[in-house]
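1. predicted coordinates and the sequence they were generated for:
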Amino acid sequence: MQEIVELFPIPVMRMRGALQPQLVESLIAHFSGLASLNNSVSQNLSNTAMLRPGDSPLLVDAAARITPLLVDFGVHLFGERLDWSLKEMWVNVLDTGGFQVMHNHANCFISGIAYLTPMHPEARTMFMRSAGGHDFTFKNDHAAVKIGPYNAERWMIPPPEPGDVVLFPSYLMHAVPPNPGGRRVTMAFNAIPSRLECSGYRISFGD
């Protein structure tokens with residue numbers, strides 16, 4: 001009898017409609033105009049400065065809706081319902097032709113994206129397998145190969161709707177392919193737990 005064990009899978013959480021339509025519209029109206037920091041790689045990508053929830057009542061509202069999701073997702077990462085807080089938030093504006101290169105996020109444990117506008121299907125967030133050398137040296141990659149979760153090198157999220165939120169471990173590599181559609185606005189964020197404990201050691205995070 002054959003059995004496949006999903007050994008050490010990487011969790012990604014998607015919550016549809018996490019942010020209410022009125023909040024989404026207010027975030028777009030207020031922060032799109034503040035996205036004045038140009039990206040050094042893509043001229044059609046800009047973002048706001050790093051923000052904290054207390055910087056705006058809109059961010060306070062968004063944080064109140066996102067934080068319970070962090071607690072739920074954190075159970076999958078650390079096996080315990082911990083207190084979580086949003087470390088920083090920022091809004092990205094991706095115009096036609098803009099893209100985001102492959103990257104991950106440092107100095108945090110959970111990262112996330114709140115989708116604020118509809119987007120072209122080709123401009124969905126793409127997650128990628130780490131290039132750190134965990135694969136075989138030889139690959140089997142040709143037209144007859146059937147791609148599945150164990151041999152895929154990348155995965156695109158299902159088409160998100162405004163208000164959807166996606167959470168993922170901060171180390172997970174991700175990117176956005178060139179955007180062939182209209183303006184794409186998202187709010188990204190990083191989060192940290194209040195503490196972690198191991199072998200009698202306790203590390204606290206936060207201010």
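-> Cool, the structure landed.

2. next SSE downstream of the longest helix that the chain contains?
-> Ranked by residue count under DSSP state H, the longest helix found in the chain is helix 57-78. Next along the chain after helix 57-78, taking DSSP states H and E as the criterion, comes strand 84-94.

3. for that next one, C-alpha coordinates in CSV please.
-> Provided in CSV are the C-alpha atoms of strand 84-94 (Å, rounded to 0.1, in the frame of the first residue of the first chain):
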residue,chain,number,x,y,z
TRP,A,84,0.8,39.0,17.6
SER,A,85,1.3,42.6,16.6
LEU,A,86,1.8,44.3,13.2
LYS,A,87,5.3,45.6,13.1
GLU,A,88,5.0,47.7,10.0
MET,A,89,2.6,48.3,7.1
TRP,A,90,3.0,50.0,3.7
VAL,A,91,0.9,50.5,0.5
ASN,A,92,2.3,49.5,-2.9
VAL,A,93,1.0,51.0,-6.2
LEU,A,94,1.8,49.0,-9.3
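
4. and it, what other elements does it pack with?
-> When contacts are defined as 3 or more CB pairs under 8 Å, 6 or more residues apart in numbering; DSSP states H and E, strand 84-94 sits against strand 45-47, helix 57-78, strand 184-193. All C-beta spots, glycine's among them, are computed from the backbone N, C-alpha and C.

5. residue 30 is nearest to which of the ones you listed?
-> Nearest to residue 30 among these is helix 57-78; the distance by CB to CB comes to 5.9 Å.

6. what's the mean pLDDT across the closest one?
-> The average of the pLDDT scores along helix 57-78 is 98.

7. just how off-centre is stretch 189-207 within its chain?
-> 20 Å (CA atoms, centre = their mean, to the nearest Å).

8. please identify the most buried of the helices and strands packed on strand 84-94.
-> Here the criterion is mean neighbour count by mean count of other CB atoms under 10 Å, and of these the winner is strand 184-193, at a mean of 23.

9. the strands in the chain, which residues?
-> Listed in chain order, the strands of the chain (DSSP state E) span 13-15, 37-38, 45-47, 84-94, 100-103, 110-115, 126-128, 154-156, 165-169, 173-176, 184-193, 195-198, 201-204.

10. what pairs with the shortest one, parallel or antiparallel?
-> For strand 37-38, the pairing partners within the sheet under DSSP bridges are strand 45-47 (antiparallel).

11. follow-up on the earlier one: output the strands of the chain as JSON lines; include the columns distance to residue 67.
-> Formatted as JSON lines, the strands of the chain follow (distance: least, CB to CB, whole Å):
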{"stretch": "strand 13-15", "distance to residue 67": "12"}
{"stretch": "strand 37-38", "distance to residue 67": "26"}
{"stretch": "strand 45-47", "distance to residue 67": "22"}
{"stretch": "strand 84-94", "distance to residue 67": "6"}
{"stretch": "strand 100-103", "distance to residue 67": "24"}
{"stretch": "strand 110-115", "distance to residue 67": "11"}
{"stretch": "strand 126-128", "distance to residue 67": "23"}
{"stretch": "strand 154-156", "distance to residue 67": "26"}
{"stretch": "strand 165-169", "distance to residue 67": "11"}
{"stretch": "strand 173-176", "distance to residue 67": "22"}
{"stretch": "strand 184-193", "distance to residue 67": "8"}
{"stretch": "strand 195-198", "distance to residue 67": "16"}
{"stretch": "strand 201-204", "distance to residue 67": "18"}
